[in-house]
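Visitor: Predicted coordinates and the sequence they were generated for:
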Amino acid sequence: MLDKILADLEGTSTTLVAVSKTKPSSAISELYQKGQRIFGENRVQELTQKYEELPKDIEWHMIGHLQRNKVKYIAPFVSLIHSVESIRLLEEIDKEGKKNDRTIPILLQFKIAKEDSKFGMQVEDIKKYLLSEEFESRKNVEIKGVMGMATFTDDHETVREEFKTLKGIFDILQEEVFRENPSFREISMGMSGDYKIAVEEGSTMVRIGSLLFGKRNYG
């Protein structure tokens, strides 16, 4: 399945994030042996454990809801945090980045789905903050782009419209805030059931789990 997904992404600028949450390190190793280097986790404890167990050239992405009091555990090594859904969380990441003498790459998560279970910011609130002197002082966090989760539905038009919304938010921020910043370029959207639509609508990162690893293990 990895080869098929990579074939679907061939010719695009879209990166595959293999979502390995709930899966054992052995399953990650299998994809690692095939050349996959970017893996996404949604639980801090699981992420830190796998970081210790697996090769150090893996790029670990935090894709799940992140509590501020747990940032310190992943700050030393995380390659990208997708799920920054509040200014307070952004500021905590900046603080932990300073402690670790590194700049931590992040994505701003926006609420594009109608489901109440989805987290995310509103564009006007964050735009005002990003243009403030307060944000100027945050030297240990780097905003690389945006992230969003579409409604879990078989209605492809609903999903497409939500992806268009996120692309629109990205365009607004790129034009009004990050025009002089070429590193602001990522749009993380699309999962196993809708990644093809996401790529069509401008996704630069798709987060795919079940197609690669099978259904998640809960317990």
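Guide: Perfect, thanks for sending it. These numbers come from a predicted model, not from an experiment.
Visitor: Checking the residue most central in space within the chain next. Helix, strand or coil?
Guide: Geometric centre of the chain, nearest residue: His82, 2.7 Å, by Cα atoms, centre = their mean. Here His82 is strand, with the state taken from DSSP: H, G, I helix; E, B strand; the rest coil.
Visitor: Output the host helix or strand of Glu162 as CSV - backbone C-alpha positions only.
Guide: In the assignment (DSSP states H and E), Glu162 maps to helix 156-176. Below are the C-alpha coordinates for helix 156-176, written out as CSV (Å, rounded to 0.1, in the frame of the first residue of the first chain):
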residue,chain,number,x,y,z
HIS,A,156,-17.0,14.3,-0.7
GLU,A,157,-18.3,17.7,-1.6
THR,A,158,-18.5,18.6,2.1
VAL,A,159,-14.9,17.4,2.6
ARG,A,160,-13.8,19.3,-0.5
GLU,A,161,-15.3,22.6,0.7
GLU,A,162,-13.7,22.2,4.1
PHE,A,163,-10.3,21.7,2.4
LYS,A,164,-10.9,24.7,0.3
THR,A,165,-11.6,26.7,3.5
LEU,A,166,-8.2,25.7,4.9
LYS,A,167,-6.4,26.6,1.6
GLY,A,168,-8.2,29.9,1.8
ILE,A,169,-6.9,30.5,5.4
PHE,A,170,-3.4,29.6,4.3
ASP,A,171,-3.6,32.1,1.4
ILE,A,172,-4.8,34.9,3.7
LEU,A,173,-2.0,34.3,6.2
GLN,A,174,0.6,34.0,3.5
GLU,A,175,-0.5,37.2,1.9
GLU,A,176,-1.1,39.3,5.0
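Visitor: quick one, what contacts Val44?
Guide: Met62, Leu66, Gln67, Lys70, Tyr73, Ile74 (Cβ atoms under 8 Å, 6 or more residues apart in numbering). Just so you know, the C-beta spots here come from the backbone N, C-alpha and C atoms, and that holds for glycine as well.
Visitor: hmm, try it at 10 Å
Guide: Met62, Gly64, Leu66, Gln67, Asn69, Lys70, Val71, Lys72, Tyr73, Ile74, Val78 (Cβ atoms under 10 Å, 6 or more residues apart in numbering).
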